[in-house]
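S.K.: return atomic coordinates for the entry below.
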Amino acid sequence: MFFGGGFPSSNVHVYSNGRMRYTYQQRQDRRENQGDGGLGVFVHLMPILILILVSALSQLMVSSPPYSLSPRPSVGHVHRRVTDHLSVVYYVADTFSEEYTGSSLKTVERNVEDDYIANLRNNCWKEKQQKEGLLYRARYFGDTDMYHKAQKMGTPSCSRLSETMKSLENFW
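M.R.: Below is the predicted model:
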């Protein structure tokens, strides 16, 4: 039915008065009448080919960041560096010091610090959710040991985020 196939042309079931009977109808195939099947197939495959082409072009246009917050030997980010302002550790490739100097280096370091703060916020939120979930379960089940464990549970990312934000306030 789709893509020029039409309806099935043989063994058509016809019901009349509650009884089923077979009728055989001979139809010529639509493809025989078209004559130019290659162009029809190409037209039907055109949207898929366009999607593949756009996807390939978008992959070529996106570049990976020049740094990583953790060592990534597969990408070449193995050289350790530290930002000037917040002392955030990040890793770069061999050619980083040649490509980034002056204002471009400051921009990269600002991006590193922004990513670091975003990661701390995300991890802090996860730690708080985990702690609140444990507290809720302890209250629900009446488990005092679990409750004390949840109260003592630390949130190291939240502590680091608080320290980082204080150092930002002192800087400005």
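
S.K.: C-alpha from now on. contacts and neighbour counts both.
M.R.: Fine.

S.K.: grab the longest helix from this protein for me.
M.R.: Ranked by residue count under DSSP state H, the longest helix found in the chain is helix 103-141.

S.K.: show me what that one is packed against.
M.R.: helix 144-152, helix 156-171 (3 or more CA pairs under 8 Å, 6 or more residues apart in numbering; DSSP states H and E).

S.K.: one more time with 10 Å, if that's ok
M.R.: strand 67-68, strand 79-82, strand 89-92, helix 96-99, helix 144-152, helix 156-171 (3 or more CA pairs under 10 Å, 6 or more residues apart in numbering; DSSP states H and E).

S.K.: distance of residue 167 from residue 86?
M.R.: As judged by CA to CA, to the nearest Å, residue 167 and residue 86 stand 7 Å apart.

S.K.: and these two? which has more neighbours close in?
M.R.: residue 86 (17 against 13; other CA atoms under 10 Å).

S.K.: coming back round to it: in the longest helix of the chain, which residues are buried?
M.R.: 108-110, 112-113, 116-117, 120-121, 123-124, 127-128, 131, 134-135, 138 (16 or more other CA atoms under 10 Å).

S.K.: what's the angle from it to helix 144-152?
M.R.: With axes from the mean of the first three to the mean of the last three CA atoms, to 10 degrees applied, the angle from helix 103-141 to helix 144-152 works out at 160 degrees.

S.K.: helix 103-141 vs helix 156-171, what angle?
M.R.: 140 degrees.

S.K.: what mean pLDDT does helix 103-141 get?
M.R.: Across helix 103-141, the average pLDDT comes to 96.

S.K.: so where's this protein shaky on pLDDT?
M.R.: Within the chain, the ranges that satisfy pLDDT under 70 run 1-37, 171-172.

S.K.: go again with 80.
M.R.: 1-38, 170-172 (pLDDT under 80).

S.K.: could you look up the SS state of residue 65?
M.R.: coil (DSSP: H, G, I helix; E, B strand; the rest coil).

S.K.: contact partners for the closest residue to residue 147 other than its chain neighbours?
M.R.: Leaving aside its sequence neighbours, residue 147 sits nearest to residue 138 (CA to CA, 6 or more residues apart in numbering; 5.0 Å). By CA atoms under 10 Å, 6 or more residues apart in numbering, residue 138 lies in contact with 132, 144, 145, 146, 147, 148, 149, 150.

S.K.: again, only this time at 8 Å
M.R.: 144, 145, 146, 147 (CA atoms under 8 Å, 6 or more residues apart in numbering).

S.K.: same question, residue 112
M.R.: Residue 112 touches 67, 69, 83, 88, 90, counting by CA under 8 Å, 6+ apart.
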